[in-house]
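[1] turn this into a structure:
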Amino acid sequence: MDDVTSPIGVFLLDDHEIVRRGLSDLIEGEPDLHVVGEAGSVEEALRRIPACQPQVAVLDVQLGDGSGIEVCRDVRAAHPKIACVMLTSYADDEALLDSVVAGAAGYVLKQVRGNDLLDAIRRVADGQSLLDPAVTARVIERLRRGPREDHRLALLTAREREILELVADGLTNRQIGESLHLAEKTVKNNVSNVLMKMGMQRRTQAAVYAAQHSDRRSCES
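    Next up, the predicted model:
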């Protein structure tokens, strides 16, 4: 089949089978769209998406073993031609910001009408962005408001800052998990997000930076 007339390949990530089935039925009802694969976890998605090579990945934000935003970040880093649409039940400024940083082309609430979601898939496949400039600007402006706050720290969620402080204290992922009552894998994912947002490669860089920033705030107070 000629590439011009080939249907848009879509990958679905949601930890609820009934949601995936509903999305699949909706998408398969369109002649120009086709579901090329699906997954119910972060681990499965990161394994299957590269093999399926979709044009668009529709990713649930909240998953049992992590976040669709994490999947978006990894997929976009390795396969920048794959457009990602984040699908979530809640409007959340921090999740929206994380999605922007991860390279998502869209952020859509699950309450959206079926036709609007189909239109969103087509638009991002065509290279468009669904992120409302006004909403994105509002989120960025909110981050800028913190007095004397380093712009990189402003990108972190409250949980990520908490974990960064414990990293600076020299705790391992396991120790951080025990302290915050989180799974070690969840801590690892959060540390990866911190490094990515702060533009750092190593955990020690983040620890030193956090310690220096903490000392500076103590002097200023």
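[2] the residue nearest the centre of the chain and residue 169, how far apart?
    By Cα atoms, centre = their mean, the chain has its centre lying nearest to residue 69, at 1.4 Å. Distance of residue 69 to residue 169, computed by Cβ to Cβ, to the nearest Å: 26 Å. (C-beta placed from N, C-alpha, C; glycine too.)
[3] burial count for residue 179?
    Residue 179 has 14 neighbouring residues, counting by other Cβ atoms under 10 Å.
[4] now residue 30
    As a burial measure, residue 30 scores 15 neighbours (other Cβ under 10 Å).
[5] then residue 47?
    So residue 47, with other Cβ under 10 Å, has 11 neighbours.
[6] likewise residue 74?
    Neighbour count for residue 74, taken as other Cβ under 10 Å: 19.
[7] isn't it up against residue 47?
    No: Residue 74 is beyond contact range of residue 47, at 11.0 Å (criterion: Cβ atoms under 8 Å).
[8] give me the element the residue nearest to the centre of the chain is part of.
    helix 68-78 (DSSP states H and E).
[9] cool, and residue 87?
    strand 83-88.
[10] from the chain's centre, how far out does the very next helix or strand once past that strand sit?
    Moving toward the C-terminus from strand 83-88, the next helix or strand (DSSP H and E) is helix 93-102. When distances are taken as Cα atoms, centre = their mean, to the nearest Å, helix 93-102 is centred 7 Å away from the chain's centroid.
[11] helices and strands around helix 93-102, which ones?
    helix 68-78, strand 83-88, strand 106-109, helix 133-144, helix 184-198 (3 or more Cβ pairs under 8 Å, 6 or more residues apart in numbering; DSSP states H and E).
[12] who touches the second one?
    Just to be clear, that refers to strand 83-88. Strand 83-88 is contacted from outside by 14, 55-62, 68-69, 71-72, 75-76, 95, 99, 102-110, 117, 120-121, 124-125, 127, 130, using Cβ atoms under 8 Å, 6 or more residues apart in numbering.
[13] that strand pairs with which strands, and in what direction?
    When sheet partners are counted by DSSP bridges, strand 83-88 sits next to strand 56-60 (parallel), strand 106-109 (parallel).
[14] and the very next helix or strand once past the last one, average pLDDT?
    Past strand 106-109, further along toward the C-terminus, the next helix or strand under DSSP H and E is helix 114-125. Computed over helix 114-125, the mean pLDDT rounds to 93.
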